[in-house]
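with the sequence up front, the predicted model follows.
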Amino acid sequence: DSGVTQTPKHLITATGQRVTLRCSPRSGDLSVYWYQQSLDQGLQFLIQYYNGEERAKGNILERFSAQQFPDLHSELNLSSLELGDSALYFCASSVVGVMDTQYFGPGTRLTVL
Amino acid sequence: DQQVKQNSPSLSVQEGRISILNCDYTNSMFDYFLWYKKYPAEGPTFLISISSIKDKNEDGRFTVFLNKSAKHLSLHIVPSQPGDSAVYFCAASASSSNTGKLIFGQGTTLQVKP
């Protein structure tokens, strides 16, 4: 158990819908990351937050947004869902957000029908 | 552009022998490297890391070697155990970006046979 929690574990929804994925980092970690793993792609970095502020953005679609709240938990919002958004979404956390170990949560499996 | 490459999709090793997993990178700004192990439908589990100021780091059965001139790192597992069977990912980051953004390789599936 990494100490990072993610909910829900599974999510099935239809095209065009909007969903919210939630992540609670390990106690003491200030940085939260979101990654996407789809079948034909490896783990792709989406976005990083540090202590409530956005620190880095990867290839995150405009239909996707995220935020980190004062209690340090984070949410990833996916809207206007398409079939191709079906993937595993992982959250990770680390202490300082640069050159430190990222610990991953168990992931949310999103299926868009 | 694949900045981190794991050229062997799979590796099969006998229990008790050494497993060597390889990873190459192209971005010379990468200075922090990690190895993760992943089971299906689970999140990646951190194994070991190395920064570019070192060329070797050990933790129990796991050793990571870094060859900066060749832009190559490897993970050695000795002795290999059946429970080590999983997908192994190497990942890299650049401290100059002031972010923790990790670039992952495509993974190598390790099978350890009893």
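Looks like it arrived, so ask away.

run through the bridge partners of the nearest residue to residue A:54 once chain neighbours are set aside.
Leaving out its chain neighbours, the residue that sits closest to residue A:54 by Cβ to Cβ, 6 or more residues apart in numbering or on different chains is residue A:47, at 6.8 Å. Every C-beta, even on glycine, is put in place using the N, C-alpha and C of the backbone. Taking DSSP bridges as the rule, residue A:47 bridges to residue A:34, residue A:57.

contacting residues around residue A:47?
By Cβ atoms under 8 Å, 6 or more residues apart in numbering or on different chains, the contact set of residue A:47 is A:33, A:34, A:54, A:56, A:57, A:58, A:60, A:66, A:76.

can you pull the residues of chain A lying near chain B?
When proximity is defined by Cβ under 8 Å from any Cβ of the partner chain, chain A lies next to chain B at A:2, A:4, A:6, A:31, A:33, A:35, A:42-45, A:48, A:55-56, A:58, A:90, A:92, A:94, A:97-107, A:109.

now do the spatially most central residue of chain A against residue A:107, distance only.
The residue lying closest to the centre of chain A (Cα atoms, centre = their mean) is residue A:34, at 3.2 Å. Noted for residue A:34: a distance of 11 Å to residue A:107, by Cβ to Cβ, to the nearest Å.

now do the shared contacts for those two.
A:89, A:90, A:91.

pick the one among those residues closest to residue A:11.
residue A:89 (9.0 Å; Cβ to Cβ).
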